[in-house]
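>>> Sequence and predicted model, in that order:
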Amino acid sequence: MRTRGNQPDVPVPDRPWSEIVPNLWMGGHEYTGHSGHPEFAVVRDEFDLVLTLLRLPGHGPDAGVEHHVWPIPDGPLDGTQLAGVMRLARAAGEALEQGRRVLVRCYHGYNRSGLVVAHALIGAGSTAEEAIRLIRTRRSPWALHNELFVEYLSTGLDTARLLEELTE
């Protein structure tokens, strides 16, 4: 199985979500199940906060679970989209400080969710390189294979947002 878009050599993840640091999970809406066929990852009440960057109907979470949706492309982001990524990362960080279980998800749980999780880790004191390495170790070597997102993290999302807004 392969991911969508122009990344034909990127495999579909083998699990719906992965714990990056205690209580901070990264995942997607689809994964390759035990049968070797794609399965849908449906969130019920496993998490206290779900941050969704690509919303698909019927994928949860259950009513009563705090859920924030901020759809963004897996490509260049404008200043408003980057500001939303930063807000989600802050929400994740605040929830972690409160001991809550957080899931950040996109389609396969590689790039968009990786951008938010990495920014949350940077907010907690990691360098961009440390955050990216940890995510690739815990989720998949394919996590953050979007080089533009890696550039955003290396530059800093505040700076990337400013630069994007100047060019708009």
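Happy to help now that I have it. Everything quoted here is computed from the prediction, not taken from an experiment.

>>> give me the low-pLDDT residue ranges for the chain?
Low-confidence segments of the chain (pLDDT under 70): 1-8.

>>> Which phi and psi values does the residue nearest the centre of it adopt?
Central residue of the chain (Cα atoms, centre = their mean): Ser113, 0.7 Å from the mean position. Main-chain dihedrals, Ser113, degrees, to the nearest 10: phi -70, psi -40.

>>> show me the contacts for it.
Met26, Gly27, Gly28, Leu51, Leu53, Val104, Arg105, Cys106 (Cβ atoms under 8 Å, 6 or more residues apart in numbering). To be clear about C-beta, it is placed using only N, CA and C from the backbone, and glycine gets the same treatment.

>>> Kindly reformat those as CSV containing secondary structure, neighbour count and distance to Val150.
Below are those laid out as CSV (DSSP: H, G, I helix; E, B strand; the rest coil; neighbours: other Cβ atoms under 10 Å; distance: Cβ to Cβ, whole Å):
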residue, secondary structure, neighbour count, distance to Val150
Met26, strand, 29, 15
Gly27, strand, 25, 20
Gly28, coil, 28, 19
Leu51, strand, 27, 20
Leu53, coil, 27, 17
Val104, strand, 32, 17
Arg105, strand, 29, 19
Cys106, coil, 24, 16
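
>>> how about these, which pair is most distant?
The largest separation in those, counting by Cβ to Cβ, is between Gly28 and Leu51 at 12.4 Å.

>>> Need the overlap of contacts for those two.
Going by Cβ under 8 Å, 6+ apart, residues that sit against Gly28 and also against Leu51 are Arg105, Ser113.

>>> For this structure, which segments count as helices?
Applying DSSP state H to the chain gives helices spanning 79-97, 112-123, 128-138, 147-155, 157-167.

>>> and the closest residue to Phe40 other than its chain neighbours, how far is that from His145?
Closest residue to Phe40 apart from its sequence neighbours, by Cβ to Cβ, 6 or more residues apart in numbering: Glu30 at 6.0 Å. In this structure, Glu30 and His145 are 17 Å apart, going by Cβ to Cβ, to the nearest Å.

>>> quick revisit: list the contacts of the residue nearest to Phe40.
Val12, Pro38, Glu39, Phe40, Ala41, Tyr107, His108.

>>> now with 10 Å?
Residues near Glu30 by Cβ atoms under 10 Å, 6 or more residues apart in numbering: 1, 3-4, 12-13, 16, 38-41, 56, 59, 107-109.
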